[in-house]
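[1] Quick one: sequence plus predicted model below, questions after.
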Amino acid sequence: MPLALHLGTDDLTRCRFAISPLCQTHEALRMLRRPSRHGYHQGWLRRVRRTVAGLDLSPLWLFVPPPGGYTPDFLGPPPQEPYPSFDDELARLRATDPALAHAEMTRSLACTPGLAESPQGRAALDDPAATVRRLADLTERAWHALLAPDWPRHRAVLEADIAHRSREAADGGLDALLTGLHPAVDWVDHTLTLRRYGDVPDAQRPDGRGVLLMPSVFVWPDVVSGFARPWQPTVIYPARGMGRLHTAPAPRPPQALARLLGHQRAAVLAGLTTPSSTTDLARRHGLAPSTVSAHLSVLREAGLLVSRRQGHYVLYGRTALGDALSDGDVRPEAG
């Protein structure tokens with residue numbers, strides 16, 4: 001059966017977006033265990049194979065059941081703010097109520113017959129506070145080893161997805177936003193229905209707190225929901241552009257554009273395929289942030305870029321003219 005979320009008026013007025021590095025970490029770990037999610041990440045998987053082999057993640061694997069099973073929500077709970085830091089989210093994980101952890105771990109272990117009665121399962125449930133500490137420590141190691149080095153690029157993709165969907169909502173309202181989340185998501189008569197999703201008997205229904213929408217790099221081809229109380233109802237969906245994250249080469253500017261603007265400035269313009277911050281661009285192009293900032297100022301004054309604040313960052317994106325120049329589509333008019 002599909003999972004249906006019935007949204008009242010209060011829920012609709014409180015829909016919001018968030019980016020969670022903690023949730024991304026656990027989606028990455030689930031992806032490692034689920035070959036159906038590997039399609040767009042073969043290059044990343046090859047690159048991290050040795051790193052993963054050097055991490056003893058067996059206590060975490062206990063709580064990554066087969067597809068359709070339940071992973072404890074406290075491992076990657078819906079964030080309370082739009083752009084939390086990993087450290088803040090990890091502190092929240094470490095502070096999990098042991099009773100809540102015990103209940104959610106019990107439900108997760110029950111998805112695999114005999115696992116709760118195994119020595120590992122019994123040890124995890126016998127001391128839930130110690131298990132939470134151990135799982136938090138492993139999550140921190142996984143974050144630093146697997147995601148932190150690439151996080152600026154991941155964050156840029158997630159922020160670009162939110163910016164795109166915010167424009168969709170501005171242009172077409174919530175109908176346009178919710179119907180475009182994922183092919184397996186339907187929005188009819190104030191009901192958000194997730195097809196291809198086994199119905200969870202105790203999955204909560206929205207109650208006026210709204211629904212949290214979180215793009216993910218690693219969740220494709222799935223769409224995930226079913227958070228139980230006390231967590232906010234949440235839908236995790238594949239971010240636009242995630243398929244090019246690990247496979248697309250850095251775009252090279254047209255030669256004519258490089259002659260016009262200079263190689264560095266043209267490369268910065270061509271590299272803005274998704275909105276990015278000065279820091280991201282400096283890392284990407286191997287330039288000093290002050291140099292990138294100067295190039296961005298010139299490009300913005302020329303009408304090739306726009307900027308907007310997103311959380312703690314200022315993101316730069318190309319205008320239609322900037323897109324045309326980067327793609328080499330501008331042709332001189334016949335005189």
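    Received it, and whenever you're ready, just let me know what you need.
[2] ok, F63 - how many residues close by?
    Number of residues near F63 (other Cβ atoms under 10 Å) recorded here: 27. From N, CA and C alone the C-beta is placed, and that goes for glycine too.
[3] wait, Q42
    Using other Cβ under 10 Å, Q42 is surrounded by 11 other residues.
[4] Please determine how far it is located from D150.
    Relative to D150, Q42 is positioned 15 Å away (Cβ to Cβ, to the nearest Å).
[5] residue closest to the middle of this protein?
    S216 (2.8 Å; Cα atoms, centre = their mean).
[6] and that residue, what does it touch?
    23-24, 27, 158, 224, 236-239, 242 (Cβ atoms under 8 Å, 6 or more residues apart in numbering).
[7] Starting from F17, give me the distance back to it.
    Distance from S216 to F17, by Cβ to Cβ: 12 Å.
[8] Now D137: which helix or strand?
    helix 128-142 (DSSP states H and E).
[9] helices and strands around that helix, which ones?
    helix 21-33, helix 58-61, helix 86-94, helix 98-109, helix 119-126 (3 or more Cβ pairs under 8 Å, 6 or more residues apart in numbering; DSSP states H and E).
[10] quick check: mean pLDDT across the helix or strand L281 falls within?
    In this assignment (DSSP H and E), L281 forms part of helix 278-285. Taken as a whole, helix 278-285 has an average pLDDT of 81.
[11] And for the helix or strand following it, what's in contact with it?
    Sequence order places helix 289-301 as the next helix or strand after helix 278-285, per DSSP H and E. Residues from elsewhere that reach helix 289-301 (Cβ under 8 Å, 6+ apart): 261, 264-265, 268-269, 278-279, 281-282, 285, 305-307, 316, 322.
[12] Can I get stretch 57-77 as CSV, trimmed to CA atoms?
    Below are the C-alpha coordinates for stretch 57-77, written out as CSV (Å, rounded to 0.1, in the frame of the first residue of the first chain):
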residue,chain,number,x,y,z
LEU,A,57,30.7,0.0,10.7
SER,A,58,29.1,-3.3,11.9
PRO,A,59,27.2,-1.7,14.8
LEU,A,60,25.6,0.7,12.3
TRP,A,61,24.8,-2.1,9.8
LEU,A,62,22.6,-3.7,12.5
PHE,A,63,20.2,-0.9,11.9
VAL,A,64,20.3,-0.7,8.1
PRO,A,65,17.7,-3.4,7.2
PRO,A,66,16.8,-4.6,3.7
PRO,A,67,14.8,-2.2,1.5
GLY,A,68,11.4,-1.6,3.1
GLY,A,69,12.8,-2.0,6.6
TYR,A,70,13.0,0.6,9.2
THR,A,71,16.2,2.5,10.2
PRO,A,72,15.9,4.3,13.6
ASP,A,73,14.9,7.9,13.1
PHE,A,74,17.1,9.2,15.8
LEU,A,75,20.2,8.4,13.7
GLY,A,76,19.1,11.1,11.2
PRO,A,77,16.2,13.0,12.6
